[in-house]
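Participant: Sequence below, structure please.
(chains A and B)
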Amino acid sequence: GENVEQHPSTLSVQEGDSAVIKCTYSDSASNYFPWYKQELGKGPQLIIDIRSNVGEKKDQRIAVTLNKTAKHFSLHITETQPEDSAVYFCALYTQAGTALIFGKGTTLSVSS
Amino acid sequence: GAVVSQHPSRVICKSGTSVKIECRSLDFQATTMFWYRQFPKQSLMLMATSNEGSKATYEQGVEKDKFLINHASLTLSTLTVTSAHPEDSSFYICSAAQGSNQPQHFGDGTRLSIL
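Facilitator: Predicted coordinates for the structure are as follows:
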């Protein structure tokens, strides 16, 4: 079945640095790849997503890149700020497109 | 846009009580709603998927008689934890989507504590 692996599990950066989180998946039929940010005590918030017909998508300081051949997609956060500190989850849909499979999450800490 | 409201945000109750959690999509029609459970420092675990007007589909190991799901309209789904016990204490989160392979938008979760 579908599987998604997320690395690293924790990431600490200095304010202003860039952060990169990577996910690899097994099912080549996957075609939708969202990233979620979860702050303590809250639900996940969709921050960016990408479909398989494009290789990169950007929204201000956040970008997602997709390599379908290698079956991995990455979240890039530039000019990190303390408020970027949170747990980030990658996800993808099952083959039927009916349920999301989540990575195990990355705890990002941005220190000022 | 794409706001999902979940209530209540926090419930503390005695063992044996049944607890109902509501999930509403405020500005879009959700053909599919999802219920997740999340343990501390872990990822989200899908419990069940519900389509409006249909019976929910439960994931393996989730007791359907324990976790009753109703999706009576395109904007409302409810999860009832029946006869709750301390082991049911957890963070329950709902999400909603407009269809297959569409973005899922999440509520802010319900922290359930059973004494």
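Participant: ok, residue A:19 to chain B distance?
Facilitator: 19 Å (C-beta to the nearest C-beta, to the nearest Å). Every C-beta, even on glycine, is put in place using the N, C-alpha and C of the backbone.
Participant: the strands in the chain, which residues?
Facilitator: Looking at chain A here, since you left the chain open. For chain A, applying DSSP state E gives strands covering A:4-7, A:10-14, A:19-25, A:32-38, A:45-51, A:56-59, A:62-67, A:72-77, A:86-93, A:100-102, A:106-111.
Participant: let's do chain B instead
Facilitator: B:4-7, B:10-13, B:19-25, B:32-38, B:44-51, B:57-58, B:67-73, B:76-81, B:90-97, B:105-106, B:110-114.
Participant: what's the closest of the strands of chain A to residue B:25?
Facilitator: The closest approach between residue B:25 and any of the strands of chain A, judged by C-beta to C-beta, belongs to strand A:45-51 at 13.6 Å.
Participant: coming back round to it: indicate which one of the strands of chain B is closest to chain A.
Facilitator: strand B:105-106 (3.9 Å; C-beta to the nearest C-beta).
Participant: List the neighbouring strands of the closest one plus their orientation.
Facilitator: Here strand B:105-106 is paired, per DSSP bridges, with strand B:90-97 (antiparallel).
Participant: re the thing from before, most packed of the strands of chain B?
Facilitator: strand B:90-97 (a mean of 26; mean count of other C-beta atoms under 10 Å in any protein chain shown).
Participant: what does it contact?
Facilitator: If you take C-beta atoms under 8 Å, 6 or more residues apart in numbering or on different chains as the criterion, strand B:90-97 is touched by A:43-44, A:100, B:4, B:6, B:21, B:23, B:25, B:28, B:30-40, B:44, B:77, B:79, B:81, B:103-112.
Participant: How far off centre is that strand?
Facilitator: 5 Å (C-alpha atoms, centre = their mean, to the nearest Å).
Participant: got JSON lines for the strands of chain B, with mean pLDDT too?
Facilitator: Formatted as JSON lines, the strands of chain B follow (pLDDT from 0 to 100):
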{"stretch": "strand B:4-7", "mean pLDDT": "97"}
{"stretch": "strand B:10-13", "mean pLDDT": "96"}
{"stretch": "strand B:19-25", "mean pLDDT": "97"}
{"stretch": "strand B:32-38", "mean pLDDT": "96"}
{"stretch": "strand B:44-51", "mean pLDDT": "93"}
{"stretch": "strand B:57-58", "mean pLDDT": "94"}
{"stretch": "strand B:67-73", "mean pLDDT": "92"}
{"stretch": "strand B:76-81", "mean pLDDT": "96"}
{"stretch": "strand B:90-97", "mean pLDDT": "96"}
{"stretch": "strand B:105-106", "mean pLDDT": "96"}
{"stretch": "strand B:110-114", "mean pLDDT": "97"}
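Participant: Quick one, which of those strands gets closest to residue A:5.
Facilitator: It's strand B:44-51; of those, that one is closest to residue A:5 (C-beta to C-beta) at 15.7 Å.
Participant: Pull up the pairing partners for that closest one, direction included.
Facilitator: By DSSP bridges, strand B:44-51 pairs with strand B:32-38 (antiparallel), strand B:57-58 (antiparallel).
Participant: Using PDB, write out every CA atom in the first one.
Facilitator: By that I understand strand B:32-38. Presented in PDB, the C-alpha positions along strand B:32-38 are these (Å, rounded to 0.1, in the frame of the first residue of the first chain):
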ATOM      1  CA  THR B  32     -16.600  14.000   2.500                       C
ATOM      2  CA  MET B  33     -15.600  14.500   6.100                       C
ATOM      3  CA  PHE B  34     -12.900  12.700   8.000                       C
ATOM      4  CA  TRP B  35     -12.300  12.000  11.700                       C
ATOM      5  CA  TYR B  36      -8.800  11.600  13.100                       C
ATOM      6  CA  ARG B  37      -7.300  10.800  16.400                       C
ATOM      7  CA  GLN B  38      -3.900  12.100  17.500                       C
END
